[in-house]
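J.: Sequence and predicted structure below; questions after.
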Amino acid sequence: MGEEAPECFLEISDKLLPIGHDLKPQINQSFTFIGDKIYAVGGSEDTTNISTSIKVFDRLTGTWLDPTVFGTKLTLSKSHEAILLNNDRILILETESSPDNCIWFLEVDTPFVKQKRKLLGNEVVAWSKGVIGDVPKPIVISGPSGVGKGTLIAKLMMEFPSTFGFSVSHTTRAPREKEMNGVHYHFTERSKMEKDIQDGKFLESALVHGNLYGTSIEAVETVSDDEKRCILDIDVQGASQVRASSLEAIFIFICPPSNEELEKRLRARGTENEQQIEKRLRNAKAELLRGKSPGLFDHILVNEDLETCYQNLKTLLALDEHTNAPSQQFMENFKIPISHSLSKVDSKILIQCGTNELDSSPSGMFVLDFSSLNGGAPGRTRGLRIYATD
Ligand SMILES: Nc1nc2c(ncn2[C@@H]2O[C@H](COP(=O)(O)OP(=O)(O)O)[C@@H](O)[C@H]2O)c(=O)[nH]1
Ligand SMILES: Nc1ncnc2c1ncn2[C@@H]1O[C@H](COP(=O)(O)OP(=O)(O)O)[C@@H](O)[C@H]1O
């Protein structure tokens, strides 16, 4: 619920900023004006205790709102700058911060935020960490139980250990004999997982064969942060949720050569009891229909002969293998010093860094180009480019 309206307004660069007895001017607090709303980020009465709080002032009702905040929250450093981008997100640049922690986005009206706002009926904002460069698109692999998804993924990971990384899902099902917690799955309690889903920590989740399964945002992002290509082994319901999310992925559906062969493989694997096998075979029918229906999957592979299917999978993945990683050396040295000025030109931010005799921060002009952003809350915002100009 909103708080009492501020008593008076302070004029800053032709904008009216609300202040009152409940809002003293704070250190390291930024205000961004978007339509009838003002987004106040951070703030502290002294420099030792900077908060990451976000408050939204509604100029129509004259009240302060406490929004629900999604995404990985940043830790604000001593000072930051807020720049409005496209009226749907605020770029937060942290000065004196490490290169992998200096660019953040506060989404205020992106499709993700709109969807959550509608769902909760409350003011919503979402953090997303900005990442320089791209990683190759994640790969979503789906198919009925026993078709060979795990076998194909294991082969890929074995042959290319530094290229691919597995998104370790959470599940409420019991571990199988050789499964390890944190490697094959994060085995978890249902109530804990339901709470985490409610708190926006999952990219997708679904009830499959009577158990809850889900991909946490961190599961995908830690693989991408390692600059590996992420592989998700998820069911068709999860695949369709990922399709609707901000994660751009390649969707591959694996089919069995026949229902009889699927049953044979499932029984031969010997990991389920009769009742579970029957349930999985019943569900396979609907999964195959959904998998083959147009629009959801980009590619369908039939896993008849394992080696042939594996070769076909590799051929598919080689088609769009590209990364646009920044120069490691450049990023190691990059930091926005306290002494700097910013200007926005189209889809670029020009950062003029002054010299600082106390440290080795860079000086000169840098360009932060956000013309081809991808991803976003609840995960990372990728596709940023940064370069120095002469
Ligand atoms: N939606 C969703 N499905 C998952 C996830 N992890 C695994 N699954 C799917 O859950 C189903 C059952 O997986 P599992 O119990 O390991 O059995 P298996 O398919 O026979 O290997 C499979 O279709 C998996 O693709 C997840 O994070 N999200
Ligand atoms: N092309 C294939 N031909 C014969 N058996 C296969 C083939 N692919 C996988 N298998 C076997 O089928 C069983 C199920 O494979 P698995 O990878 O566990 O399936 P999923 O992960 O899709 O449930 C395993 O015992 C595996 O060794």
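T.: Cool, the structure landed. Ligands and ions are numbered 1, 2, ... in the order given.

J.: use CA for all of it now, contacts and neighbours both
T.: Fine.

J.: I'd say residue 170 and residue 185 touch.
T.: Yes. Using Cα atoms under 8 Å, residue 170 is in contact with residue 185, at 5.6 Å.

J.: So for the two, which sits in the more crowded spot?
T.: With neighbours defined as other Cα atoms under 10 Å, residue 170 and residue 185 compare such that residue 170 has more, 24 against 20.

J.: what about residue 199, distance to residue 297?
T.: Distance from residue 199 to residue 297, counting by Cα to Cα, to the nearest Å: 29 Å.

J.: no, scratch that, I was asking about residue 243
T.: Using Cα to Cα, residue 243 is found at 9 Å from residue 297.

J.: more crowded one of these two?
T.: Between residue 243 and residue 297, counted using other Cα under 10 Å, the more crowded position is residue 297 (22 against 19).

J.: at contact distance from ligand 1, anything in stretch 249-269?
T.: No. Using Cα under 6 Å from any ligand atom, stretch 249-269 never reaches ligand 1; the gap is at least 7.4 Å.

J.: Any idea how far apart the tips of that stretch sit?
T.: End-to-end distance for stretch 249-269: 30 Å, by Cα to Cα.

J.: hmm, the helix or strand containing residue 314 touching ligand 2?
T.: Assigned by DSSP states H and E, residue 314 falls within helix 306-319. Yes. Helix 306-319 is in contact with ligand 2 by Cα under 6 Å from any ligand atom, via residue 306.

J.: Dump that helix to CSV, restricted to CA.
T.: Extracted in CSV, the C-alpha atoms of helix 306-319 (Å, rounded to 0.1, in the frame of the first residue of the first chain):
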residue,chain,number,x,y,z
LEU,A,306,22.4,-43.4,-31.6
GLU,A,307,25.5,-42.5,-33.6
THR,A,308,23.5,-41.2,-36.5
CYS,A,309,21.3,-39.1,-34.3
TYR,A,310,24.3,-37.7,-32.4
GLN,A,311,26.0,-36.7,-35.7
ASN,A,312,22.8,-35.0,-36.8
LEU,A,313,22.6,-33.2,-33.5
LYS,A,314,26.2,-31.9,-33.8
THR,A,315,25.5,-30.7,-37.4
LEU,A,316,22.5,-28.7,-36.1
LEU,A,317,24.5,-27.1,-33.3
ALA,A,318,27.4,-26.2,-35.6
LEU,A,319,25.0,-24.1,-37.8
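
J.: so what secondary structure elements neighbour it?
T.: When contacts are defined as 3 or more Cα pairs under 8 Å, 6 or more residues apart in numbering; DSSP states H and E, helix 306-319 sits against helix 149-159, strand 299-302.

J.: which one of those lies closest to residue 207?
T.: Set against residue 207 and scored by Cα to Cα, the helices and strands packed on helix 306-319 come closest in helix 149-159, at 18.6 Å.

J.: what comes up buried for the next helix or strand along the chain from the closest one?
T.: Heading C-terminal from helix 149-159, the first helix or strand you meet, by DSSP H and E, is strand 164-166. Buried residues in strand 164-166, counting neighbours by 16 or more other Cα atoms under 10 Å, are found at 164, 165, 166.

J.: State the pLDDT value of the nearest residue to residue 162 once chain neighbours are set aside.
T.: With sequence-adjacent residues excluded and distances taken as Cα to Cα, 6 or more residues apart in numbering, residue 162 is closest to residue 228, at 6.8 Å. On pLDDT, residue 228 comes in at 91.

J.: related to what we said a few turns ago, take the helices and strands packed on helix 306-319 and write them to TSV, including mean neighbour count, mean pLDDT and distance to residue 62.
T.: Output for those, formatted as TSV (neighbours: other Cα atoms under 10 Å; pLDDT from 0 to 100; distance: least, Cα to Cα, whole Å):
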stretch	mean neighbour count	mean pLDDT	distance to residue 62
helix 149-159	15	96	55
strand 299-302	16	96	53
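
J.: Which of these sits closest to ligand 1?
T.: helix 149-159 (6.3 Å; Cα to the nearest ligand atom).

J.: Tell me if that closest one is near ligand 2.
T.: Yes. Counting by Cα under 6 Å from any ligand atom, ligand 2 is contacted by helix 149-159 at 149, 150, 151.

J.: tell me which of these is nearest to residue 261?
T.: residue 149 (14.5 Å).

J.: Can you tell me which residues in the stretch 151-300 of the chain are near ligand 1?
T.: Selection of the stretch 151-300 of the chain residues close to ligand 1 by Cα under 6 Å from any ligand atom yields 169-170, 205-206, 208, 213-215, 233-235, 237-238.

J.: ok, longest helix in this structure?
T.: helix 274-292 (DSSP state H).

J.: quick one: it to chain centroid distance?
T.: 30 Å (Cα atoms, centre = their mean, to the nearest Å).

J.: Against which helices or strands is that helix packed?
T.: Taking 3+ Cα pairs under 8 Å, 6+ apart as the contact cut, helix 274-292 packs with helix 236-244, strand 250-255, helix 259-269.

J.: mind saving the C-alpha coords of the second one as PDB?
T.: In PDB, the C-alpha atoms belonging to strand 250-255 read as follows (Å, rounded to 0.1, in the frame of the first residue of the first chain):
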ATOM      1  CA  ILE A 250      17.200 -23.300 -30.100                       C
ATOM      2  CA  PHE A 251      14.500 -25.900 -29.500                       C
ATOM      3  CA  ILE A 252      15.100 -29.500 -30.500                       C
ATOM      4  CA  PHE A 253      12.700 -32.300 -30.000                       C
ATOM      5  CA  ILE A 254      13.900 -35.900 -29.900                       C
ATOM      6  CA  CYS A 255      11.500 -38.600 -31.200                       C
END
